[in-house]
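Trainee: below: sequence and its predicted model.
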Amino acid sequence: MGLFTEELERRQPPKQRRRWLFVPYDQLSDGIGPLSRENPRGLGIVLVENPWKAARRPYHKQKLALILANLRHFALEQANRGVAVKHVVANAPYHAALEPLIQELGPMRTMVPAERELRTDLQVLVDKEGLTFIHHEGWLTSPEQFQASALKGPPWRMDSFYRYIRRDTGVLMSDNKPEGGKFSFDAENRLPWKGTPAPPDPPAFPRDPIKEEVGELIRKKFSHHPGRLDLDALPGTREDAEALWSWAKCECLPRFGPYEDAMSLKSRGLFHTRISALMNIHRLLPERAVSDALAMDLPLASKEGFIRQVLGWREFVNHVHGATDGFRNLPTNPLPTYPSPGDGGYRLWSGKSWESKRAPKNLDGGAGPNELGFETPLPPVYWGKKSGLTCLDHVVSTVWEDGHSHHITRLMILSNVATLLDVQPRELTDWFWIAYTDAYDWVVEPNVLGMGTFALGELLTTKPYVSGAAYINRMSDYCSECAFNPKTNCPITPLYWAFLARHEQKLRHNPRLSMPYVSLKKRSQGLREKDRAIFQTLRDALAAAQPVTPKNMP
């Protein structure tokens, strides 16, 4: 009997005569669903801690701690409200854990899980009518709105979806026109950060006995998982979620817009809110985030930029993921799937295989789109080995320390470098799923397979998001402490040209790449040969976990 178990038993109301809900790890809110409106003294909830789920992939320690701490605190909060709580630890798929409980407690309801992986796991119980899926009220938009925004079907575009939702909901609209005269202020939100205004320090959260017990569990049972565990940076209670959101509103949102694409060695997050991990488990509701931001006196570029992230892109990628069954059913041909979860390069880094627990036959390792035919294994530098490129090494180190980095470092450093190296898209996707505290299949697969690597072609983006050193130098201070000079010898620029040359047959007709291909044609044969040599040298060095220097490059 641990402290949490004793405390839950102390607060536990009688369990008789209850209607039971299964509450997944990412629905930890009583602000949505039956918990928000039905009499708590007539409800019971089942919460499952699942080492089997944790063993599916080598998840970051901080991610495991975030889920466990919030799940346990949520259990205590609901018991305080008069909700009966059945908390179980089950080292098996969720359907196997719930089936005997359904026999004991009776049929259950659950809001449709956001993660396809969990939906698929639970479907056997739905088929047996022991579990009923009900509408997930955490989303701000519906599949019908998504379909109406793109009547012609795929390829889908976030811009069309976002405009439709703005018009349909009236958010940031006046007389059916967008406030400020346009739907997006993205062009205004591209300032590099030059040291001022001062960014806020990330918040710390008080430790408590529940968090301490979770930390001890992670150290004892999950010490083989990667990443740093930091209990002081762990929001686990309802009060922590409120504190984080208050900090974000006060310290981040007023300056978020102009600097949302900026990157710096001096501040890991700059003015990004860090709320995504809590929002994705519904400790902070997306509806609350949007309504609060709309009510604030903010510069319009910051307000619109934040709303576009939550009401626009977040909702859009979830709809695309759902409409394609996790990219298994595409408008053209069905994609192959991997039989089991990938380790995201864990074996190459650690020298040991990650043995995930046996899964039901209907659970696979995800779809395998690969539009450009990338086959390079994810290099060990993504697990902390040094590459010699300050931008990459800095961002990777922050991810393994924090389980987080903001969206531009994800797209234009981590995904950009991997794409320029032709890294296998599924491996990079699995790495993101493993390393980030806010990553779930509906988030990570569209973002990495769709936007980060162009593995889905033009299904939801119009072009590969790749760049040379000039963009990184313009939007960050990373180059100031690097051995390479972005204007003379940084290998990322020749990697960019080599990438365009290698994939010219598939990409040259893309209208958004017409100017780069005009420039590529003007590049001399000698430079193009050097580009190829730098690509091969850098790819081989990073695969061997050997850092590069100006002296060992062609």
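Mentor: Looks like it arrived, so ask away.

Trainee: low-confidence ranges, this protein, go.
Mentor: Along the chain, the model assigns pLDDT under 70 to residues 1.

Trainee: show me which helix runs longest in it.
Mentor: The longest helix of the chain (DSSP state H) is helix 61-81.

Trainee: pull out the buried positions in that one.
Mentor: Residues of helix 61-81 classed as buried by neighbour count (16 or more other Cβ atoms under 10 Å): 61-79. Bear in mind the C-beta positions are built from the backbone N, C-alpha and C, glycine included.

Trainee: next: stretch 359-370.
Mentor: Neighbour count says stretch 359-370 has 359, 363-370 buried, by 16+ other Cβ under 10 Å.

Trainee: all strands of the stretch 1-150 of the chain, in order?
Mentor: Ranges of strands in the stretch 1-150 of the chain, per DSSP state E, counting those that start in this stretch, are 19-22, 43-49, 84-89, 108-111, 131-134.

Trainee: of all these, which one comes closest to T5?
Mentor: Distance to T5, taken as Cβ to Cβ, is lowest for strand 84-89 among the strands of the stretch 1-150 of the chain, at 7.6 Å.

Trainee: sorry, back to before: I'd like the strands of the stretch 1-150 of the chain as JSON lines, with mean neighbour count and distance to D393 appended.
Mentor: Formatted as JSON lines, the strands of the stretch 1-150 of the chain follow (neighbours: other Cβ atoms under 10 Å; distance: least, Cβ to Cβ, whole Å):
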{"stretch": "strand 19-22", "mean neighbour count": "21", "distance to D393": "43"}
{"stretch": "strand 43-49", "mean neighbour count": "22", "distance to D393": "35"}
{"stretch": "strand 84-89", "mean neighbour count": "18", "distance to D393": "38"}
{"stretch": "strand 108-111", "mean neighbour count": "22", "distance to D393": "41"}
{"stretch": "strand 131-134", "mean neighbour count": "15", "distance to D393": "44"}
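
Trainee: okay, these in TSV with distance to S353 next?
Mentor: Listed next are these as TSV, based on distance: least, Cβ to Cβ, whole Å:
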stretch	distance to S353
strand 19-22	33
strand 43-49	25
strand 84-89	26
strand 108-111	34
strand 131-134	34
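
Trainee: do you know which of the ones you listed lies nearest P299?
Mentor: Of these, nearest to P299 by Cβ to Cβ is strand 108-111, at 35.5 Å.

Trainee: partner strands of the closest one and their direction?
Mentor: Strand 108-111 has its sheet partners listed here by DSSP bridges as strand 19-22 (parallel), strand 131-134 (parallel).

Trainee: got the CA coordinates for it in PDB?
Mentor: Extracted as PDB, the C-alpha positions of strand 108-111 are listed here (Å, rounded to 0.1, in the frame of the first residue of the first chain):
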ATOM      1  CA  MET A 108     -19.000   1.400 -19.100                       C
ATOM      2  CA  ARG A 109     -18.900   4.600 -21.200                       C
ATOM      3  CA  THR A 110     -15.900   6.500 -22.400                       C
ATOM      4  CA  MET A 111     -15.400   9.500 -24.600                       C
END
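
Trainee: nearest residue to the most centrally placed residue in the chain other than its sequence neighbours?
Mentor: Nearest to the mean C-alpha position of the chain, counting by Cα atoms, centre = their mean, stands A439 at 3.4 Å. Closest residue to A439 in three dimensions, ignoring its sequence neighbours and counting by Cβ to Cβ, 6 or more residues apart in numbering: W433, at 4.7 Å.

Trainee: name the SS class of the one you found, please.
Mentor: Here W433 is recorded as helix under DSSP: H, G, I helix; E, B strand; the rest coil.

Trainee: I275 versus that one, what's the distance?
Mentor: Distance from W433 to I275, counting by Cβ to Cβ, to the nearest Å: 19 Å.
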